[in-house]
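**Student:** Sequence and computational prediction follow.
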Amino acid sequence: MSTTFPSGGAPAAAPVMPDVMPTRVARKGLSGYIFRNPTIAIGGFLLLLLIFVAVFAPFLWTKDPTALAPAMRTRAPSERWWFGTDMLGRDVYSRVLYGTRVSLIVGFGVAFFASVIGLTIGLISGFVRWADSIIMRVMDGLMSIPSILLAIALMALTRGSVGNVILAITVAEIPRVSRLVRGVVLSLREQPYVEAAIASGTRTPVIIWRHILPNTLAPMIVQATYICASAMIAEAILSFIGAGTPPIIPSWGNIMAEGRALWQVKPYIVFFPAIFLSITVLAVNLVGDGLRDSLDPRLAKRV
Amino acid sequence: MFAYIVRRILATIPVMAIVALFVFSLLYIAPGDPAAVIAGDQATPADVERIRASLGLDRPFLVRFGEWVFRIIQGDLGLSIFTNLPVTRMIAQRIEPTLSLMVVTLVLAISVAVPMGVVAAWKSGSLIDRMVMGFAVLGFSVPVFVVGYLLAYVFALELDWLPVQGYTPISNGFWPWFKNLILPAVALGGVYIALIARITRATMMEILQQDYIRTARAKGAGQTTILFLHALKNAAVPIVTIIGIGLAGLIGGAVVTESVFAIPGLGRLTVDAILRRDYPVIQGVILLFSFVYVLVNLLIDLSYTLFDPRIRY
Amino acid sequence: MERRSFLKATAGAAAFSATGGITAPALAQGAAARTLRFVPQANLANFDPIWGTQYVVRNASLLVWDTLYGVDETITPRRQMVESEEVSADGLTWTFKLRPGLRFHDNTPVLAKDVVASLTRWAVRDPMGQMLRALQNELVAVDDSTFRWSLKAPYPKMLLALGKNNSPCAFIMPERIAKTDPFQQITEYVGSGPFRFVRDEWVPGAKAVFARFDGYVPREEKPSWLSGGKKVLVERVEWIVMPDPATAAAALQNGEVDWWESPIADLVPVLRRNRNIEVDIADPLGNVGSFRMNHLHAPFNDPRARRAILMALSQEDYMRSLVGDDQSLWKEMGGFFTPNTPLYSEAGGEIMKGPRNLDAAKKLLQEAGYDGRPITLVVAQDQPITKSFGDVSADLLKRLGMNVDFVATDWGTVGARRALKTPPSQGGWHIFHTWHAGADCVNPAPYTAMRANGDNAWFGWPNNPDIEAARDQWFAASDLAGEKAAVDKMNALAVDFGLYAPTGFFLSYQAWRKNITGVVKAPAPFFWGVSKT
């Protein structure tokens, strides 16, 4: 069979293609970035706003969050107290704004420490064969204790303080990070280029730095944002149960815990911190989602 | 396959041992004294000391740990310091409510979240997708107790459709049992639904781009068949995995939910025990939770063979 | 001690719930309507009123066990299980005769030997019982219904000791149970009271069930607190533990429970608005809040520092923080004893009432040599009372220019820490908070917190022989005038010495649904005379 073109000898002129897929002009600059990554943009903006609130709380028309005025307790929101007062007469608006600090510190603190420690453990576990099964068994053990129970038990050991809350939640989150890192290390170790690097005698720290770390970075960052979000909620739950931040330091969790008995009659004491907490966690989750979508091309939303 | 099961079960033993050691040590070095709480406010320091001695709380660590492990192997979790009842009996009394809550939440979450995720993946990029995902993220973000209070207020107090608190055993009838569990399950399930929906969507999106789906579509298979028969079955593995992993979070959330809705379950038992330093109960319950978690994950690993014939042990 | 294998227990749980273990299943409609559902102030975790002296244990014990005497509304002991008593002329020999027809829940009769064993166990743990033991010659059963207590010296307060409502009450248990070591828990809960404890349905931390004991023979007189006829008008009483006050309020509004022992003050307006709910003062004897200082370590080892606190402390702040704006719920105290009672005294208590003098207090503190060291304030977060007090105290100390080391922890840890005599920087404490039932502060007898016998005193270990002498004077007093003189003296000395700082007298409410009648104002919830329509 001769493979001649159907319409005779000479090739026809290139057919005119309908304009099914018009070329898109990518918008440049910041607005372009926002347009392409709306989740990161919204989440990031909210987060920056909250960081601003946390840092500049004293200047945002707040009063002393620990100043008691029992004669003015449980007043409804008004011009004088924007979010009302709580059971001890403290200004809820000020407490909520200062509470941003605690939640952000706890969230970021836990995310940071859990990531760093989990990374270290995961790397050791992935590279040092004999340590692997021991470490993984210990991590499995820790993971099978529900993290809230673990955190409560750890808090029961110590006195209530922000540092201890961070410690307790970090311990509960480390196993997952270490599993993640270990998984990456194990799969990467099989890759030809890594095998080649090992074979050619490259020292382990260099391998880690050049090959392993860049590949763990993306999933770890995404994981870190989720850890941050769940740490904030964990802090709220711990304070709700009474095992969290001491009341001298206002945190959204303990403002809600203190106001929980009154939510039927004075809902604003629980309502305002709940909104702030929800927005913050939402923002962090959005950033995490956005990062995941942009760092992992397979899951990127088609624009 | 059988050998695999046996190996996995044996592998849980060191895990449980680590949990046991961890839990025991934790409580051993904890401050706070059950003897003081028991003695009550009017007791003198001498009284408190005598009570401590009578509870055996002044013996060395290894002695107490060894004794405890020895008894566990025989199925005896010891006696509660406060109530003097066997820990196993206290747990047995409280298993049904927590188990009921978990089961109802799981069923609810799966039956809502999986379809949500499937629809979101199918209509990926559209308004429905964004709405579903927005709702899912919201589920993550609002704390369980806030949702619980809101639901209780609207549905129990204002509308009076459902009871505000408590638990009715299933022996009293299905509907009374279920009625008490609806609000708590919805409150607790929020986070779970979000989690499952997201994974479902992500996995489904990945799968829907696979060649074999395009082939099926080209062959003229209907949309529903594609979605559920082909795609979902392959997505089952990650979905089921996340259900297993999320279980730990569910247990944690149950603690709060049981407190808000006055459900006499294991979660409340644990928190009360921790705050009172009722060591045998704390140890027993955490051990139990860990065991359940490990068991469920084992079952999930085994279930992979049902979903993915390539996986063989 | 029983052992249950885990599998057996789980299978047992299935069978257990199949037979409706947790709530009674198919009770007839009428009977279900005669079940009183009560929300107690706290969880009933254990049930030995001699071993564990918490108020909630005592409250539950009042249903199951009976006492020889019982105090009425005027705190006068009246006969309950006793038919008659005789005191010898020299006051040294007390002979008691029991009422006929008293039975325990296992249908055995109540005998004098049961009484002897119960009183022996009780006397080891109870302060008044300890005084009796010290004076005791012998405590014997003369015959089945008579017993005799002979002493080396007279003890005029004998009947009060046997009939008081302060923990531990002199409950009468079967001899076999009463023979348990007073520092160990009893394992059987059998008594001769108007209710039986339904052990099978007890879920500690969640629910406790009491059923009417048909073999109980109430006295003829009208009931008044612990005295008189305890007639039971319902078939069952269920105690349902609810840790969340908002849930309890909602449950009461919905009719899912009938009677709530201690609604928090802020929720009372909501309950009042509900047409089906009645709200009233729970206990006219109320509660006395306490700011307890450690007398062993600086700065509070100096009475001037303690007096400075009494000068600066604003009871109004503490009370408002706890019970809110309702003025009828709290009162400033000018002394240490329960207001509105015959022995309430304001002798020497001028610095406790009236406008606060912060500057004078600061000066006193300086005189006492306060060097700026951190004050360890241990605050339990899981008790609403101590939690509020802790916040107010931190504020007070700051305004006095003191450094505060705020230790936020839980009640169990406070219980442990306050027992330590080590310096605060080494695990000890400077200040902790608690509260005492007003019934425990009406006179020196139950008032353990007023002891000033140094090392053996209550936590804080105040040491003042003069206060102890005044206390002895009260015990020896034979009439009200004598008692009042002794109490006035004790009060004035205690203020000057700065024994501890009361944070105020406060009342609490109780709430019940309108279809429940017979709820009385008393130091404990009484379930006799209460009916449900």
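**Tutor:** Alright, I've got the coordinates. Residues are numbered from 1 along each chain as shown, chains lettered A, B, ... in the order given.
**Student:** First-to-last residue distance for stretch C:373-383?
**Tutor:** The first residue of stretch C:373-383 is 28 Å away from its last residue (CA to CA, to the nearest Å).
**Student:** Where does the prediction get shaky in the stretch 151-300 of chain A?
**Tutor:** A:156-160, A:296-300 (pLDDT under 70).
**Student:** Residue numbers of it in contact with chain B?
**Tutor:** Neighbours of chain B within the stretch 151-300 of chain A, by CB under 8 Å from any CB of the partner chain: A:152-154, A:156-157, A:229, A:233, A:236-237, A:240-243, A:256, A:260, A:263-264, A:270, A:274, A:277-279, A:281-282, A:285-286, A:289, A:298-299. Any C-beta I mention is one placed from the backbone N, CA and C, and that applies to glycine too.
**Student:** Going through those, which ones are buried?
**Tutor:** Among these, the ones that count as buried by 16 or more other CB atoms under 10 Å in any protein chain shown are A:152-154, A:156-157, A:229, A:233, A:236-237, A:240-243, A:256, A:260, A:263-264, A:270, A:274, A:277-279, A:281-282, A:285-286, A:289.
**Student:** So which of those sit within strands?
**Tutor:** Nothing among those maps onto strands, per DSSP state E.
**Student:** Setting aside sequence neighbours, what's the nearest residue to B:Ile110?
**Tutor:** Ranked by CB to CB, 6 or more residues apart in numbering or on different chains and with sequence neighbours excluded, the top spatial neighbour of B:Ile110 is B:Ile196, at 6.5 Å.
**Student:** Just confirm the one you found contacts B:Ser111, I think it does.
**Tutor:** No - in terms of CB atoms under 8 Å, B:Ile196 does not count as a neighbour of B:Ser111; the distance is 10.1 Å.
**Student:** ok, these two, which is more surrounded?
**Tutor:** Remark: of B:Ile196 and B:Ser111, B:Ile196 carries more neighbours, 26 against 11, as counted by other CB atoms under 10 Å in any protein chain shown.
**Student:** what's near enough to touch that one?
**Tutor:** Counting by CB atoms under 8 Å, 6 or more residues apart in numbering or on different chains, B:Ile196 touches B:109-110, B:113-114, B:117, B:239, B:242-243, B:246.
**Student:** Pick out whichever of those residues sits closest to A:Ile166.
**Tutor:** Distance ranking of those against A:Ile166, using CB to CB, places B:Gly246 first at 23.5 Å.
**Student:** Does the closest one belong to a helix, a strand or coil?
**Tutor:** helix (DSSP: H, G, I helix; E, B strand; the rest coil).
**Student:** Just give the number of residues close to it.
**Tutor:** B:Gly246 has 19 nearby residues by other CB under 10 Å.
**Student:** Residue of the stretch 151-300 of chain C closest to chain A, please.
**Tutor:** C:Pro245 (4.1 Å; CB to the nearest CB).
**Student:** wouldn't that residue be in contact with C:Val268 here?
**Tutor:** No - C:Pro245 lies out of contact with C:Val268 (CB under 8 Å); the separation is 10.9 Å.
**Student:** how about the residues of the stretch 101-250 of chain B near chain A?
**Tutor:** Near chain A, when you scan the stretch 101-250 of chain B using CB under 8 Å from any CB, you find B:124-125, B:133, B:137-138, B:140-146, B:149, B:153, B:157, B:202, B:205-206, B:248-249.
**Student:** List buried residues within the residues you listed.
**Tutor:** By neighbour count, with 16+ other CB under 10 Å, those hold B:124, B:133, B:137-138, B:140-146, B:149, B:153, B:202, B:205-206, B:248-249 as buried.
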